[in-house]
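Visitor: my questions concern the predicted model and sequence given below.
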Amino acid sequence: MLTERQLLILEAIIRDYTNEGQPIGSKRLEQQLPIHASSATIRNEMAALEKLGLIAKEHSSSGRIPLERGYRYYVDHIMKPAKIDRGAVQNIRQSFGNEFQKVDEIVATSARILSDLTKYTAISLKPESADIRLEGFRMVPIGDRQVMVILVTSDGTVESQMYNLPAGIHGDELESVIRVINDKVVGLSLNQVVAKLHECLPLITKYLHKPDGFMDAFGSILDKAVKKQVYVSGKTNLLSFAHWEDPEQIKALYSLIDQSANLGMLLENRDGDVSVKLGSELSDALLSHYSLVSAAYDDGNNGQGIIAILGPTNMPYSKVIGLLDAFRDELTQRIFDYYQHLN
């Protein structure tokens with residue numbers, strides 16, 4: 001447990017680093033803290049926070065920057081959501097407008113508004129989508145080493161794509177792959193399928209030897225199914241916070257956020273509260289410098305949906321969480337009004 005002074009120092013370092021992106025030194029903190037403490041005392045406290053793995057020096061003579069563990073402590077024990085003023089709420093209401101022909105339009109609009117408001121990547125999951133599962137999987141031979149890969153979801157959606165079998169693959173090996181998918185993957189929610197499929201890759205490789213084409217085909221079909229459930233806006237915003245100069249890593253990041261299935265599997269918020277996942281808690285190493293803030297909303301008709309913000313680890317959590325909390329209230333009301341109008 002941190003002391004009151006350590007809490008204040010950690011909070012100030014995170015606040016200033018979020019605003020400026022520069023290491024924070026003891027002299028600056030001495031001028032800001034609401035309690036009296038000398039620079040020497042603050043340096044000692046910073047050293048203690050550093051030993052706890054909450055902050056770090058970028059180099060020997062620099063101030064400190066927050067580490068992921070420090071953000072986690074801040075979010076869990078220090079941060080309080082900012083209160084959104086009436087003007088901001090009114091802005092959200094005006095951004096939605098009034099004319100919607102179906103719920104999908106409301107959910108898609110919510111992602112666009114959230115991305116515009118935060119300048120981050122926004123993700124919206126339809127209310128009835130939270131429980132949609134992969135219900136069936138087939139590979140139907142077409143001829144000339146071609147098969148049609150077919151996925152069926154629990155809402156009745158059927159998606160398919162052609163796949164060219166590698167040379168030397170026989171029917172019994174194909175049947176083995178079908179059994180693996182049906183045993184290990186069918187029955188999972190669409191958000192869980194990608195991660196589980198990669199867990200099964202050693203087994204699939206055993207039968208297909210070179211499974212890249214199959215994985216691409218399966219991923220492409222799944223993405224088509226998920227796109228009907230997940231709405232994403234501001235994808236390129238994520239690239240603004242990339243920490244590397246390697247073009248291949250940036251390309252991989254863009255490929256990740258360009259797949260609705262990849263983004264959909266991040267959304268596991270089920271308890272109705274606002275949830276914050278940091279870097280290593282996310283499902284892909286490419287997101288190690290990012291955070292996902294998500295919130296469930298209830299439309300009063302089909303169940304829960306999820307809205308989320310994906311942005312840099314040093315995002316202003318208090319402001320983002322306060323905004324997301326107010327935003328979901330308006331989104332819930334919009335969907336409720338839509339169903340009321342239908343009746």
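Guide: All right, it came through fine.
Visitor: list the helices and strands the host helix or strand of Glu330 packs on?
Guide: For Glu330, the element it lies in under DSSP states H and E is helix 317-342. Helices and strands touching helix 317-342, by 3 or more CB pairs under 8 Å, 6 or more residues apart in numbering; DSSP states H and E, are helix 86-96, helix 103-118, strand 274-278, strand 290-298, strand 304-312. The way it works is simple: take the backbone N, C-alpha and C, and place the C-beta from them, glycine included.
Visitor: run the chain-centre distance for that helix.
Guide: 19 Å (CA atoms, centre = their mean, to the nearest Å).
Visitor: next: stretch 20-39.
Guide: With CA atoms, centre = their mean, you get 33 Å for stretch 20-39.
Visitor: end to end on that stretch, go ahead and measure it.
Guide: Terminal residues of stretch 20-39 lie 21 Å apart, using CA to CA, to the nearest Å.
Visitor: coming back round to it: out of the helices and strands packed on helix 317-342, which one sits most buried?
Guide: When you average the neighbours per residue for each of the helices and strands packed on helix 317-342 (mean count of other CB atoms under 10 Å), strand 304-312 leads with a mean of 24.
Visitor: do a quick rundown of the strands in the stretch 151-300 of the chain.
Guide: 158-164, 230-233, 274-278, 290-298 (DSSP state E, counting those that start in this stretch).
Visitor: between the third one and helix 317-342, how many degrees?
Guide: Interaxial angle of strand 274-278 relative to helix 317-342 (axes from the mean of the first three to the mean of the last three CA atoms, to 10 degrees): 130 degrees.
Visitor: and what of the last one?
Guide: Inter-element angle recorded for strand 290-298 and helix 317-342: 30 degrees (by the same axes, to 10 degrees).
Visitor: quick one, strand 290-298 and strand 304-312 angle?
Guide: 160 degrees.
Visitor: and strand 290-298, what other elements does it pack with?
Guide: strand 274-278, strand 304-312, helix 317-342.
Visitor: what are the pairing partners of the first one, and which direction each?
Guide: The reference is to strand 274-278. strand 290-298 (antiparallel) (DSSP bridges).
Visitor: which residues sit against the strand it pairs with?
Guide: Here strand 290-298 makes contact (CB atoms under 8 Å, 6 or more residues apart in numbering) with 71, 123, 127, 238, 241, 266-267, 269-279, 282, 304-313, 315, 317, 320-321, 324-325, 327-328, 331-332, 335.
Visitor: one more pass at 7 Å, please.
Guide: By CB atoms under 7 Å, 6 or more residues apart in numbering, the residues outside strand 290-298 that reach it are 266-267, 269-270, 272, 274-279, 282, 304-313, 315, 320-321, 324-325, 328, 331-332.
Visitor: ok, now stretch 111-124?
Guide: Residues contacting stretch 111-124 (CB under 7 Å, 6+ apart): 92, 95-96, 107-108, 110, 230-235, 237-238, 257, 263, 267, 307-311, 315, 320, 323, 327.
Visitor: one more: stretch 177-187?
Guide: With CB under 7 Å, 6+ apart as the test, stretch 177-187 has contacts from 133-137, 139, 193, 196-197, 200, 203-204, 207-208.
Visitor: so which bits of that stretch are buried?
Guide: Val177, Ile178, Val180, Ile181, Lys184, Val185, Val186 (16 or more other CB atoms under 10 Å).
Visitor: can you check stretch 75-88 too?
Guide: Val75, Ile78, Met79, Pro81, Ala82, Ile84, Ala88.
Visitor: widest-spaced pair of the residues you listed?
Guide: Spatially, the most separated pair among the buried residues of stretch 75-88 is Ile78 and Ala88, at 23.1 Å (CB to CB).
Visitor: tell me who's in contact with Gly53.
Guide: Leu67, Arg69.
Visitor: ok, Gly279 next?
Guide: Glu68, Leu287, Ser288, His289, Tyr290, Ser291, Thr313.
Visitor: would you turn the helices and strands packed on helix 317-342 into CSV with distance to Ile55 and mean pLDDT?
Guide: Listed next are the helices and strands packed on helix 317-342 as CSV, based on distance: least, CB to CB, whole Å; pLDDT from 0 to 100:
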stretch, distance to Ile55, mean pLDDT
helix 86-96, 31, 88
helix 103-118, 25, 91
strand 274-278, 15, 93
strand 290-298, 17, 91
strand 304-312, 17, 90
